[in-house]
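Student: with the input below, show me the fold.
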Amino acid sequence: MSSDFPYAIEPLEEKENDAIRKDFTGYLSGAVRVQPQGYFFQGIYRQYAHRYYNLSLRPTDVFVASYPKSGTTWTQELVWLLIHNLDYEGAKVPLDDRFPFVEADHVLDALVFQRPELKAKMKSTPEPGERLAQVTKLEDPRCIKTHMPFSLLPPKILDTCKVIYVARDPRDVVVSYYHHHRMWITHGFQGDFRAFFDYFLKDQVMWSPFWDHLREAWERRSHPNLLILTYDQLKEDLPAVIRKVAGFLGKEVSQEEIENLTKHLHFDSMKSNPAVNAVAEASTGLLDLKEGGFVRKGKSGGWKDYFEEDMKERFHAWMAEKGGSLPKEFKWMK
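Tutor: A predicted model of the protein is given here:
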């Protein structure tokens, strides 16, 4: 703990860390927890925590925040196009360049700079702190992606700029996150779904605990600079979400513009759009597309194809214990 970062960052016990390194081959620096909630990160996070927490903000910034695999990419594309007056030509630039992931460095650095044999195979490699530097150099209005919970972001973020937080049924999250961990060599998960399911329930995957992450956003829901969306809303009535987000951002859109944007944001369009589906990352060797691609299936309720009966019971008990105090605002809580 220091004056520029107020929370204690504690390493896992040696036995626990050894198991993590074995099953997550990308976690070369082991893992740590940030107290008091116990947020779980790769050990290299210690080098970046204060930089994320003290990120210089601008009044024109717009953040899209979420626990991973909650509809972040979908929302990013929607927000960027509204902010940039439906510039579809500009949207051909890779989303990571238009809408950078502010904490990508502490995920990439751990692998790329500690595994020279992997670095040698890559067509291009990032420099340390490259993504964070990119964020600071972006021209206004900046669009920034984060998976950080609010407590680990700059304390004045909601008083300074707008944040759109996206939430998703954790049963679908765990399925999508499993494939994500199998796909990205920066995670390098070696086990099957049941093994990952256990890690998820034990809050031993990055940016967990899920419920604390969600709760931190929900507790701030009355702030005028925060808009909370759900994946189900995006799936069920995308035009309505477009209108809501446009209103939140102070943008006017015609019915024709909404229809065109809805077509652009349709899952099939997103799946085939090289600017949003991480094709560039696949070409570097960081991403293995055999797990279905970065934009994978885009469905709600897909967890039913993965959960066995005992897993359903365990997950339901976990939801009731950890998420029971949240209001029934979220469809999966009803």
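Student: point out where the stretch 1-150 of the chain drops to low pLDDT.
Tutor: Counting by pLDDT under 70, the stretch 1-150 of the chain contains low-confidence ranges at 1-3, 109-126.
Student: which residue is the nearest non-sequential neighbour of Ser56?
Tutor: Sequence neighbours aside, Thr136 is the residue nearest to Ser56 in space, at 7.0 Å (criterion: CB to CB, 6 or more residues apart in numbering). Yep, even glycine has a C-beta here, placed from its N, CA and C like the rest.
Student: how near is Asp203 to Tyr39?
Tutor: Applying CB to CB, to the nearest Å, the value for Asp203 to Tyr39 is 9 Å.
Student: break down the stretch 151-300 of the chain into its strands, ranges please.
Tutor: In the stretch 151-300 of the chain, the segments counted as strands under DSSP state E, counting those that start in this stretch are 162-167, 226-230.
Student: tell me the most buried of these?
Tutor: Greatest average neighbour count among the strands of the stretch 151-300 of the chain goes to strand 162-167 (a mean of 24), per mean count of other CB atoms under 10 Å.
Student: for it, name the packing helices and strands.
Tutor: strand 62-66, helix 72-83, helix 210-218, strand 226-230, helix 231-236, helix 238-249 (3 or more CB pairs under 8 Å, 6 or more residues apart in numbering; DSSP states H and E).
Student: quick one, the third one and strand 226-230 angle?
Tutor: Here helix 210-218 runs at an angle of 140 degrees relative to strand 226-230 (axes from the mean of the first three to the mean of the last three CA atoms, to 10 degrees).
Student: could you list every helix and strand in contact with helix 210-218?
Tutor: With contacts defined as 3+ CB pairs under 8 Å, 6+ apart, the packing partners of helix 210-218 are strand 162-167, strand 226-230, helix 309-323.
Student: against Ala167, how distant is the most centrally placed residue in the chain?
Tutor: The residue lying closest to the centre of the chain (CA atoms, centre = their mean) is Pro68, at 3.3 Å. Per CB to CB, Pro68 is found 12 Å from Ala167.
Student: give me the buried stretch members for stretch 193-201, please.
Tutor: Going by neighbour count (16 or more other CB atoms under 10 Å), the buried part of stretch 193-201 is 193, 196-197, 199-201.
Student: cool, stretch 252-272 as well?
Tutor: 253, 257-258, 261-262, 264-265, 267, 270-271.
Student: those in helices, which ones?
Tutor: 257-258, 261-262, 264-265, 267, 270-271 (DSSP state H).
Student: and the least confident of these?
Tutor: Ranked by pLDDT, these bottom out at Lys271, which has 65.
Student: can you say which of the helices and strands packed on helix 210-218 is nearest to Asp18?
Tutor: When the helices and strands packed on helix 210-218 are compared by CB to CB, helix 309-323 sits nearest Asp18, at 24.8 Å.
Student: give the rounded mean pLDDT of that closest one.
Tutor: 92.
Student: begin at 29, not 1, for the rest of this chat.
Tutor: In the new numbering, first residue 29, that becomes helix 337-351.
Student: what sits up against it?
Tutor: By CB atoms under 8 Å, 6 or more residues apart in numbering, the residues outside helix 337-351 that reach it are 198-199, 202, 222, 225, 229, 237-239, 242, 335, 360-361.
Student: now, of those, which are buried?
Tutor: Buried by 16+ other CB under 10 Å: 198-199, 202, 225, 229, 237-239, 242, 335, 360, out of the contacts of helix 337-351.
Student: next, format those as TSV and append distance to Val62.
Tutor: As requested, the buried ones among the contacts of helix 337-351 are exported to TSV (distance: CB to CB, whole Å):
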residue	distance to Val62
Pro198	20
Arg199	25
Val202	21
Phe225	23
Leu229	19
Pro237	11
Phe238	15
Trp239	16
Leu242	17
Phe335	29
Trp360	26
